[in-house]
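J.: Only the shape, not the letters, is given here:
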């Protein structure tokens, strides 16, 4: 299993495979793919501020069908409790996305330098 950061989902939806490292492509092809529900919320926020043009639900549904992307069902209370320890960022999206992966002791595919520096299982 591997969790995906928000920008990874956008790039997958857009078919931008050239954005990924060889390691990232290998992980995408050989692991079960999960997102935090917070990724869907962040995607919707990005649409609302016009940084992306596709509705979050459509993006997630399309990737669920095409590559088997799943949304993690771990309880929100558990994720919030874990996110409280992520004091290295003030970004609530990043805190909850990292906490989601951390509760499952899973890697998180991200190009975000701050996450890569602070979450030992973050990979790019």
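T.: Noted; the coordinates are in hand. Because the structure is a prediction, the values reported are computed rather than measured.

J.: Packing partners of the strand or helix carrying residue 77?
T.: Element membership for residue 77 (DSSP states H and E) is helix 76-83. When contacts are defined as 3 or more Cβ pairs under 8 Å, 6 or more residues apart in numbering; DSSP states H and E, helix 76-83 sits against helix 92-103. C-betas here are computed from N, CA, C, even on glycine.

J.: next one: the helix it packs on to chain centre, how far?
T.: Centre-to-centre, helix 92-103 and its host chain are 9 Å apart (Cα atoms, centre = their mean, to the nearest Å).

J.: model confidence over that helix, on average?
T.: Average pLDDT, helix 92-103: 97.

J.: And the helix holding residue 77, what's buried?
T.: For helix 76-83, the neighbour count (16 or more other Cβ atoms under 10 Å) marks 79, 82, 83 as buried.

J.: Name the surrounding residues that touch it.
T.: Helix 76-83 has contacts (Cβ atoms under 8 Å, 6 or more residues apart in numbering) with 36, 37, 38, 92, 95, 96, 98, 99, 100, 102, 103.

J.: Tell me which two in the residues you listed are the farthest apart.
T.: Spatially, the most separated pair among those is 92 and 103, at 16.3 Å (Cβ to Cβ).

J.: more neighbours, these two?
T.: Between residue 92 and residue 103, counting by other Cβ atoms under 10 Å, residue 103 is the more crowded of the two (17 against 13).
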